[in-house]
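Engineer: Could you work out the structure for the sequence below:
(one chain, ligands or ions: 1)
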Amino acid sequence: MSGRTRGTANSRRRVGYHARMAELERTDVLVVGAGPIGLELAVSLKAMGVGFVQVDAGRIGQTVLDYPPGTTFFSSPERIAIAGVPLMTPDQGKATRERYLTYLHAVVKQFDLEVRDGERVEAVTKRDDGRFTVTTSRQAYDARAVVLAIGDMHRPRLLGIPGEDLPHVSHVLAEPLRYFGRRVLIVGGKNSAVEAALRCQRAGAHVSISYRGEAFSETSIKYWLLPEIKALIKHGQVGYYPRTVPTRIDERGVTLASVDDPADTRAVEADDVLLLTGYEQDKTLFESAGVGLEGENRAPVHDPATMMSNVANLYLAGTAAAGTQHQFKLYIENAHPHVTKIVTSLTGQPPPAHLVNTAAKTYGLPES
Ligand SMILES: Cc1cc2nc3c(=O)[nH]c(=O)nc-3n(C[C@H](O)[C@H](O)[C@H](O)COP(=O)(O)OP(=O)(O)OC[C@H]3O[C@@H](n4cnc5c(N)ncnc54)[C@H](O)[C@@H]3O)c2cc1C
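Structural biologist: Numbers count the residues shown, from 1 in each chain. Here you go, the predicted model:
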C-alpha cells in the first residue's frame with residue numbers, strides 16, 4: 001500500500017514535470033538582445049542552419065535608439081557594419097544614430113530575422129538535464145544554449161544626491177533645441193558630457209560643466225570635440241567648474257562642492273540639469289544563471305577563446321561581456337570576433353567569413 005502511494009506520488013511528479021516542460025517553447029539557442037552584435041550573431045546562426053529564437057526587451061537596436069538625436073558615431077562606418085552588409089553614408093563620413101538605426105533595420109529585413117521585441121528575459125536557469133529554462137515577460141523557453149547579448153547600458157549611474165529625481169534633471173540629452181535660451185548645467189567630463197555641452201551651446205543654451213577632474217582627457221575625448229570645447233571654455237562661452245561634484249539639486253540650481261575641500265561650495269543657477277555620468281549593467285540574468293562576476297567592472301566570467309561563461313553553454317556576446325565599463329574598452333567595432341567564436345563553439349565550424357565584420361583586422365588597428 002505504502003509502495004503504491006510512493007509510486008503514485010512519483011508518477012504525479014513526473015506528469016507535473018512533463019506538463020511543465022510541454023508549456024516551454026523548445027529551441028536550440030536562445031539569443032537575448034537585438035543590438036548590433038546580437039543581430040550579427042543571428043545572421044550567422046541562420047546561415048549555419050542553427051535553430052534559434054531572438055528576443056529583446058526593447059526594440060531592435062534599443063541602445064542606439066536611446067542615444068541623443070543626431071549623435072555621430074566615433075567609429076568609421078566600415079567598423080560598425082555588421083553581417084557583411086556595407087554601411088554607406090551620404091558624405092562618406094561617420095554615421096549618425098539615425099543612419100545606423102536605419103541600417104540595422106535594413107539588415108534585419110535583408111536576412112529576414114525574426115526579433116521578438118518587447119520581450120524581457122527575467123531569469124535564466126540551468127536545469128539538472130543540462131538545458132536551460134529561460135523565463136521572459138511573456139513565456140518560458142527550453143534551450144540547449146543561451147547567448148546573452150544584453151549590452152552594458154541598462155541604467156544611468158545615479159549620484160544619490162538630493163534632487164536627482166526632480167523633473168528638470170535628466171540622465172540623457174534630449175533634442176538640443178529644447179534647451180534654447182535656458183541655463184543648462186552638465187555634470188560629467190567624458191564624450192557624452194562634452195558633446196552635449198557643444199550641442200546645447202550651439203542650440204542657444206547657456207551652458208556650464210561641472211567635472212570632478214581637472215581637464216578633459218586628451219586621449220579619450222573625440223578628436224573633433226576637444227579643440228572646440230577648450231576654445232569655448234577659454235572664451236567664456238561655456239562655464240567650467242573643474243574639480244567639483246554636485247551635492248544637491250533644487251528648483252533653482254545646483255550646489256557644487258570642491259573635490260579638494262568639500263566644505264568649499266558654490267551655488268550655480270540652472271533651469272535644466274544633465275547628469276551625464278555613465279551607465280551601469282544590470283547583473284540580474286548573470287546572477288540567476290550562476291555566472292560569476294569579477295573585477296572592478298563585475299564582468300561576467302568567461303573564456304575569451306569561446307565567449308562561454310563559467311556556466312556550460314551560456315555565452316556572452318558584445319558589450320555584455322565587459323561588465324559595467326568605466327572607460328569604454330569593448331564596443332561594437334571590436335566585438336565582432338565574438339560572433340565567430342560563439343558560432344564555432346556552438347557548431348564546431350566558423351561562420352561564413354563574409355558574414356562577420358573583419359574591418360579592424362584588415363586595417364591592422366585595434367580601434368578607430
Ligand atoms: C552616445 C554613444 C555613442 C557611441 N558610439 C559608438 C561608436 O562610435 N562605436 C562603437 O563601436 N560603439 C559606440 N557606442 C557603444 C555602442 O552603443 C555599444 O558598444 C553597442 O550598442 C553594443 O552592442 P551590443 O549588441 O553588444 O549591445 P546593445 O546594443 O547594448 O544591445 C543590447 C540589447 O539587449 C537588450 N536587452 C537588455 N537586457 C535584456 C533582457 N533582460 N531581456 C531581453 N533583452 C534585453 C536591450 O534592449 C538591447 O537592445 C556608443 C555608445 C553611446 C552611448
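Engineer: how about the helices in this protein?
Structural biologist: Across the chain, reading from the start of the chain, the helices by DSSP state H fall at 2-23, 36-47, 62-65, 77-80, 97-110, 191-202, 226-234, 284-289, 332-335, 337-347, 359-363.
Engineer: Which stretch among these approaches residue 133 most closely?
Structural biologist: When the helices of the chain are compared by CB to CB, helix 2-23 sits nearest residue 133, at 9.0 Å. In short, each C-beta sits where N, CA and C put it, glycine included.
Engineer: What average pLDDT does that closest one get?
Structural biologist: Averaging pLDDT along helix 2-23 gives 55.
Engineer: cool, stretch 281-296 as well?
Structural biologist: Across stretch 281-296, pLDDT averages out at 97.
Engineer: which of the residues in that stretch are buried?
Structural biologist: For stretch 281-296, the buried set under the neighbour-count rule, 16 or more other CB atoms under 10 Å, comprises 281, 285, 286, 288, 289, 291.
Engineer: Also stretch 258-268?
Structural biologist: So, applying 16+ other CB under 10 Å, buried residues of stretch 258-268: residue 268.
Engineer: Give me the contacts around that stretch.
Structural biologist: Counting contacts by CB atoms under 8 Å, 6 or more residues apart in numbering, the residues outside stretch 258-268 that touch it are 185, 208, 210, 212, 239, 241, 243-245, 247, 252-257.
Engineer: Sort out for me which of the residues you listed are in strands.
Structural biologist: 185, 208, 210, 239, 241, 244-245, 247, 253-257 (DSSP state E).
Engineer: hmm, back to that, worst average pLDDT in the helices of the chain?
Structural biologist: Mean pLDDT per stretch puts helix 2-23 lowest among the helices of the chain, at a mean of 55.
Engineer: on that earlier part again, ChimeraX command for the buried members of the contacts of stretch 258-268?
Structural biologist: Only the buried members of these end up in this ChimeraX selection, burial being decided by 16+ other CB under 10 Å:
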select :185,208,210,239,241,243,244,245,253,254,255,256,257
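Engineer: could you measure residue 227 against the ligand, distance?
Structural biologist: 19 Å (CB to the nearest ligand atom, to the nearest Å).
Engineer: Please apply the same query to residue 173.
Structural biologist: Separation of residue 173 from the ligand (CB to the nearest ligand atom): 9 Å.
Engineer: Residue 325 now?
Structural biologist: Residue 325 is 9 Å from the ligand, by CB to the nearest ligand atom.
Engineer: Identify, from the buried residues of stretch 281-296, the entry nearest to the ligand.
Structural biologist: Nearest to the ligand, judged by CB to the nearest ligand atom, of those is residue 285 at 5.7 Å.
Engineer: Test my guess that that closest one contacts residue 121.
Structural biologist: Yes: A contact is recorded between residue 285 and residue 121 when judged using CB atoms under 8 Å, the distance being 6.2 Å.
Engineer: who touches both of the two?
Structural biologist: Both residue 285 and residue 121 are contacted by 32, 150, under the criterion CB under 8 Å, 6+ apart.
Engineer: Tell me the residues of this structure that contact the ligand?
Structural biologist: Of all the residues in the chain, those in contact range of the ligand (CB under 6 Å from any ligand atom) are 32-38, 55-58, 62-64, 67, 71, 73-75, 80, 120-121, 149-151, 153, 192, 285, 318-320, 331-333, 335.
Engineer: List only those of these flagged as buried.
Structural biologist: A residue is treated as buried here by neighbour count (16+ other CB under 10 Å); on that basis the buried members of the residues of the chain next to the ligand are 32-38, 55-58, 62-64, 67, 71, 73-75, 80, 121, 149-151, 153, 192, 285, 318-320, 331-333, 335.
Engineer: Not counting sequence-adjacent ones, nearest residue to residue 289?
Structural biologist: Distances taken as CB to CB, 6 or more residues apart in numbering place residue 124 nearest to residue 289, at 4.1 Å, with adjacent residues excluded.
Engineer: was I right about that neighbour contacting residue 287?
Structural biologist: No: distance between residue 124 and residue 287: 9.7 Å, which falls outside the contact criterion (CB under 8 Å).
Engineer: before we move on, back to that, I'd like the distance from the residue nearest to residue 289 to residue 102, if you could.
Structural biologist: Residue 124 sits 32 Å away from residue 102, taking CB to CB, to the nearest Å as the criterion.
Engineer: which of the two has more neighbours?
Structural biologist: The neighbour comparison of residue 124 against residue 102 (other CB atoms under 10 Å) goes to residue 124, with 25 against 13.
Engineer: For residue 345, give me its contacts.
Structural biologist: 306, 307, 308, 315.
Engineer: Farthest-apart pair in those residues, please.
Structural biologist: Those two in those that are separated most widely, counting by CB to CB, are 306 and 315, at 7.5 Å.
Engineer: if I look at the two, which residues touch both of them?
Structural biologist: Both residue 306 and residue 315 are contacted by 342, 345, under the criterion CB under 8 Å, 6+ apart.
Engineer: Pick out whichever of these two has more residues nearby.
Structural biologist: Neighbours around residue 306 and residue 315, counted as other CB under 10 Å, are more numerous at residue 315. The numbers are 28 against 14.
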